[in-house]
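> take a look and give me a structure for this.
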Amino acid sequence: MGRLPTRWNSLWSLLIIVFCLGTMIGCQGFSAGKSNSQSAPTESSPGGLSAAPASVTFGNVQIGTSQNQAVTLTNTGGSSLTLTQSTATGSGFSVTGLTLPLTLTAGESTTVNIVFAPQAGGSASGNLALANDGSSSPLNVALSGTGVAAGNVSASPTSLSFGNIQIGTGQTLSETLTNTGGESITISQATSSAASFTVTGQSLPLTLAPNQSSTFGVVFTPSAAGASNGILSITDSASSATVDIALSGSGVTPGDLTASPTSLTFGSVQIGSSQSLSETLTNTGGENLTVSQVTSSASSFTFTGLSLPLTLKPNQSTSFNILFTPGSAGASTGTLSITNSASSTALSIALSGTGATEATPATLTATPASVTFTGGQVGGTQNQTVTVQNTGGSSATISQDTVSGTGFSISGMSTPLTLGPGDTASLTVTFAPQSSGTFTGSVVITSNASNTNLAIALSGSATAVSQGQLSVSPGTIGCGSITVGTSGTASGTLTATGASVVVSSVDVGGSEFAVSGISFPATIPAGQSLGFTVTFTPQSSGSASVSASFYSNASNSPASATLTGTGIAAPVHTVLLSWNASTSSDIVGYNVYRRTGTTGSYSQINTVLDAATTYTDTSVTDGQTYYYETTAVNSSNEESEPSTPQAVSIPAP
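Have a look, this model is predicted:
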């Protein structure tokens, strides 16, 4: 038979079904009484595996730790299925909680754990492949995560050095904390080990995300002179240890100007002539000061050799001359007033002299008027200098100088010697006792002056040589690197062994070093020690080394130590100014004005009109505050109103 046309296929099938149903119905009715009849079997769908979630993302996980996520596996088919194999790929990924083979009935679920344990930083991806005998084999679950480093706090800078700060004032330096790790951290505490160092501008607790920074201030407020050191300890959640920032600074006293001598007496000076005496100014404080003005209240007193303004660093001195030129006969008095930045009150030096129509007789004076030696040692020597001055109006001739008294001798003055009015000469008095006890004597200066025999009283005491030994520790005392014009200190110790030792004096072989903390004469019992302080005040750059010799009645006197230090040049500061250009079209240039401090008038500091909008001021003083203004000048040479003043503080040395 030929094939039916295509359009007939479905009809044919339908007819067959109808026919079969009719047959079955008929058969059922027909075979109701037969025992061997059966129902036709029904088919079920195959097993199918699904995962929830279908992919697993871990986000950021710290390197060296692990994180778990649960995945639920479900048989969504109509028949049982069996999981035969699980394979996790990708760095750091693994699976736990799955025992294979595992059979899941239709609709049944099980839970497994995906573990991400990164061993290195960066993104990671992987896959979990689940082989099974169901319709979805293998089932793949995408895995992803990122390994990150633990949070870590770093400090910049790692130490803060404040330099010299005046007692009672404060200076602030900036400190920055940065999270250089891969996870957020919390800073819970910032603690200073010294009360002179405090923290400002930091609110705690503070959380820092990766690469985030926070800047705050550390304030040094010294309450006493001398070096201060401390540690700023930062406590954070990233580590059991603190981040420590070393702190250092020195408290210094304000500048203090002193005069030596505090008064000057010129004696009798002939009218029409002049006599000159020397005066020394010293900054005995801890900061720079500036001498701005020197004035005399009387025209007969003038000064020379002083260029103003003059800046004196701590311990720095300057000498100049004061002249008395009487214009009339009789006594003259006056005051030399020295204005300086260290005090609102001028330093005063009393001046006196007498104008004479004729030259007054020569008169000799001695400074000091008497000489006393203390802490002498049998067999040792001590020296002191005596200055002899002619305070009269005529010349004096010294014919002889003699000394009396056990253990005393003189040297340094050759006779005969003529001293004009105001002239001086020096001699050295030596005390070299050969036995213990107290001794007296005198030096007599014989001349043709009005006081023919000028007597200078001498006294001294000496002790026998001790059987003890004196040692200095350490043998080399280093003061480190110190900025020129400032001071640094170090400590040393004197120790007596064998017997008690009396320390009478110390000789330091250089003006940049000084020894303090010992009141001479000082007795050190056997087996005990006495501390002292070495101060290094460099006056120039470079290394310095001198010897300090401690004289005593010890059998090994003098005991010595080497003092060392390095001077570092102070930084040279300049001020770079810049401003916005004027919007006027006919501006040809600008002028720059400066004022020192908060009061006073402004002075122009540019010598020619500045065509640019920048200017560098190179004539600034360390530790000073300046105020700056600018004006614009047009082609008609008309000057604008000044700009708003801007303050600039120059760091102290």
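> quick one: low-confidence parts of the stretch 351-500 of the chain?
For the stretch 351-500 of the chain, the stretches flagged by pLDDT under 70 are 358-359.
> mind listing the strands for it?
In the stretch 351-500 of the chain, the strands defined using DSSP state E, counting those that start in this stretch lie at 364-367, 370-377, 382-390, 396-404, 408-411, 417-419, 424-431, 437-447, 453-463, 469-473, 476-483, 488-497.
> I'd like to know which of those strands is closest to residue 257.
Residue 257 lies closest to strand 476-483 among the strands of the stretch 351-500 of the chain, at 21.5 Å (C-beta to C-beta). C-beta here means a position set from N, CA and C on the backbone, and glycine is covered the same way.
> so what's residue 648 up against?
Applying C-beta atoms under 8 Å, 6 or more residues apart in numbering, we find residue 648 in contact with 575, 625, 626, 627, 628.
> again with residue 393
267, 268, 269, 270, 356, 358, 359, 360, 361, 362, 421.
> nearest spatial neighbour of the first one, skipping sequence neighbours?
Residue nearest to residue 267 in three dimensions, not counting chain neighbours: residue 391, with 3.9 Å by C-beta to C-beta, 6 or more residues apart in numbering.
> how near is that neighbour to residue 340?
From residue 391 across to residue 340, the span is 30 Å (C-beta to C-beta, to the nearest Å).
> what's the answer for residue 555, then?
For residue 555, the distance to residue 340 - C-beta to C-beta - is 50 Å.
> could you do residue 68 as well?
Taking C-beta to C-beta, one finds residue 68 at 76 Å from residue 340.
> between the two, which one's more packed in?
Each of residue 68 and residue 340 has its neighbours counted (other C-beta atoms under 10 Å); residue 340 has more, 24 against 13.
> any idea what sits nearest the residue positioned nearest the centre of the chain, other than its immediate chain neighbours?
Residue closest to the average C-alpha location in the chain (C-alpha atoms, centre = their mean): residue 161, at 0.8 Å. In this structure, residue 161 finds its nearest non-sequential neighbour in residue 248, 5.1 Å apart by C-beta to C-beta, 6+ apart.
> and residue 111, how many neighbours?
12.
> wait, I meant residue 580
The number of residues near residue 580, taken as other C-beta under 10 Å, comes to 8.
> right, and it touches residue 614 too?
No. In this structure, residue 580 is not within contact of residue 614 by C-beta atoms under 8 Å, at 11.2 Å.
> please list all residues in contact with residue 529.
493, 494, 495, 496.
> for residue 88, grab phi and psi.
Main-chain torsions, residue 88, degrees, to the nearest 10: phi -100, psi 130.
> quick check: domain ranges of this structure?
Annotated domains of the chain cover 49-148, 153-252, 257-356, 364-463, 469-568, 575-649 [automatic domain parsing].
> and the end-to-end length of the last one?
With C-alpha to C-alpha, to the nearest Å as the measure, domain 575-649 spans 9 Å from end to end.
> my read: residue 267 touches residue 360, true?
Yes. Using C-beta under 8 Å, residue 267 is in contact with residue 360, at 7.3 Å.
> between the two, point out the one with more neighbours.
residue 267 (22 against 18).
> residue 517 versus that one, what's the distance?
Taken as C-beta to C-beta, the spacing of residue 267 relative to residue 517 amounts to 41 Å.
> residue contacts, residue 177?
Residue 177 makes contact with 153, 154, 155, 187, 208, 213, 214, 215, 216, 234, 243, according to C-beta under 8 Å, 6+ apart.
> which SS state does it fall under?
strand (DSSP: H, G, I helix; E, B strand; the rest coil).
> okay, the contacts of residue 529 in a markdown table with neighbour count next?
Formatted as a markdown table, the contacts of residue 529 follow (neighbours: other C-beta atoms under 10 Å):
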| residue | neighbour count |
| --- | --- |
| 493 | 14 |
| 494 | 24 |
| 495 | 18 |
| 496 | 25 |
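> roughly how far does residue 211 sit from residue 152?
11 Å.
> who touches both of these two?
By C-beta under 8 Å, 6+ apart, the residues touching both residue 211 and residue 152 are 179, 180.
> higher neighbour count, those two?
Neighbour count, other C-beta under 10 Å: between residue 211 and residue 152, residue 152 has more, with 17 against 10.
> low-scoring stretches of this structure, by residue?
The model of the chain has pLDDT under 70 over residues 1-43, 358-359, 653.
> helices of that one, start to end?
Assigned by DSSP state H, the helices in the chain fall at 9-30.
> before we move on, the earlier item: okay, and the common contacts of residue 267 and residue 360?
354, 392, 393.
> hmm, residue 331 and the first one touching each other?
Yes. At 5.1 Å, residue 354 and residue 331 qualify as touching, with contact defined as C-beta under 8 Å.
> higher neighbour count, those two?
Taking neighbours as other C-beta under 10 Å, residue 354 and residue 331 compare with residue 354 leading, 17 against 10.
> roughly how far does the residue lying closest to residue 405 once chain neighbours are set aside sit from residue 431?
Counting by C-beta to C-beta, 6+ apart, the nearest residue to residue 405 once its immediate chain neighbours are dropped is residue 441, at 1.6 Å. To residue 431, residue 441 is 9 Å away according to C-beta to C-beta.
> how about residue 254?
Distance from residue 254 to residue 431, by C-beta to C-beta: 40 Å.
> the strands in the stretch 201-350 of the chain, which residues?
Secondary structure of the stretch 201-350 of the chain (DSSP E, counting those that start in this stretch): strands located at 206-208, 213-220, 226-236, 243-252, 257-260, 263-270, 275-283, 289-296, 301-304, 310-312, 317-324, 330-340, 347-356.
> how far does the first one sit from the chain's center?
The one in question is strand 206-208. Here the centre of strand 206-208 is set off from its chain's centre by 26 Å, with C-alpha atoms, centre = their mean, to the nearest Å.
> next: the second one.
The gap between where strand 213-220 is centred and where its chain is centred comes out at 13 Å by C-alpha atoms, centre = their mean.
> which strands and helices sit next to that strand?
strand 159-166, strand 171-179, strand 185-192, strand 197-200, strand 243-252 (3 or more C-beta pairs under 8 Å, 6 or more residues apart in numbering; DSSP states H and E).
> the inter-axis angle of it versus strand 159-166?
With axes from the mean of the first three to the mean of the last three C-alpha atoms, to 10 degrees defining the directions, strand 213-220 sits at 30 degrees from strand 159-166.
> how about the third one?
Angular relation of strand 226-236 and strand 159-166 on a 0 to 180 degree scale: 140 degrees, by the same axes, to 10 degrees.
> and strand 226-236, which strands flank it?
Here strand 226-236 is paired, per DSSP bridges, with strand 185-192 (antiparallel), strand 243-252 (antiparallel).
> deepest of these, which one?
Compared across the strands paired with strand 226-236, strand 243-252 shows the largest average neighbour count, a mean of 20 (mean count of other C-beta atoms under 10 Å).
> re earlier: more neighbours: which of residue 254 and residue 431?
Neighbours were counted for residue 254 and for residue 431 using other C-beta under 10 Å; residue 431 has more, 26 against 15.
> what sits against the more buried one?
373, 376, 381, 382, 383, 384, 407, 408, 439, 458, 460, 462.
> do you know how far the third one is from residue 456?
Same thing as residue 381. From residue 381 to residue 456 the distance is 19 Å (C-beta to C-beta).
> show me which of those two is the more surrounded one.
Using other C-beta under 10 Å as the criterion, residue 381 and residue 456 rank with residue 456 on top: 22 against 14.
> what number of residues are in the vicinity of the residue nearest to that one when sequence neighbours are not counted?
In space, and not counting its chain neighbours, residue 456 is closest to residue 443: 4.3 Å by C-beta to C-beta, 6+ apart. Neighbour count of residue 443, defined by other C-beta under 10 Å: 25.
> who touches residue 443 in this structure?
Contacts for residue 443 (C-beta under 8 Å, 6+ apart) come out as 371, 386, 401, 402, 403, 408, 410, 427, 429, 455, 456, 458.
> show me what the closest residue to residue 61 other than its chain neighbours is bridged to.
Leaving aside its chain neighbours, residue 61 sits nearest to residue 67 (4.8 Å; criterion: C-beta to C-beta, 6+ apart). Residue 67 forms beta bridges with residue 116, as assigned by DSSP bridges.
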